[in-house]
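>>> Could you work out the structure for the sequence below:
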Amino acid sequence: MSSEPGAIQHVVEQLDTLRELISGLLEIFMSSASNYLNAELRVLTVVTTLFAPATLLTGFFGMNFVHMPWLQENAGWVWVVGLILLSGLGLIGALFWRRWWIRHNN
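Now for the predicted structure:
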């Protein structure tokens, strides 16, 4: 009968070891999921940054007012489209210039 308390103590120690192992595995999984989420949010941030000026300009020039800049010109829409493209290309250039686009988290 004296071996039973020792066996129970051994099982309790094994359970503690397994609990610590599971806790470590859970931390590894959560860290991996967090890294994946950060990468996805980075892509969404770039897409949002590129489309924000176009959304602002189309919202401004899409309003139904009589006296708007470039509305009386025949080629006014060309200026607006050019401004949208120029702002998008300017942002892409700025992102590449700052190397934010290709920076990786190590």
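
>>> where does the chain dip in pLDDT?
Scanning the chain for pLDDT under 70 picks out 1-3, 69, 100-106.

>>> From the chain's centroid, how far away is the lengthiest helix in the chain?
Looking across the chain with DSSP state H, the single longest helix is helix 3-61. Distance, stretch centre to chain centre, for helix 3-61: 15 Å (Cα atoms, centre = their mean, to the nearest Å).

>>> Could you name the helices and strands sitting against that helix?
helix 76-97 (3 or more Cβ pairs under 8 Å, 6 or more residues apart in numbering; DSSP states H and E). In this view, the C-beta of every residue, glycine as well, is placed from N, C-alpha and C.

>>> Give me the angle between the helix it packs on and helix 3-61.
If you take axes from the mean of the first three to the mean of the last three Cα atoms, to 10 degrees, helix 76-97 sits at 150 degrees to helix 3-61.

>>> For helix 76-97, which residues meet the burial criterion?
Buried residues in helix 76-97, counted by 16 or more other Cβ atoms under 10 Å: 80, 84, 87-88, 91, 95.

>>> now, among those, which is nearest to N35?
L95 (21.4 Å; Cβ to Cβ).

>>> From L86, how far out is that closest one?
From L95 across to L86, the span is 15 Å (Cβ to Cβ, to the nearest Å).

>>> One more: N38?
As judged by Cβ to Cβ, N38 and L86 stand 31 Å apart.

>>> same thing with L18?
61 Å.

>>> repeat for V47
For V47 relative to L86 (Cβ to Cβ), the value is 19 Å.

>>> R98 now?
Distance of R98 to L86, computed by Cβ to Cβ: 18 Å.

>>> All good on my end, thank you.
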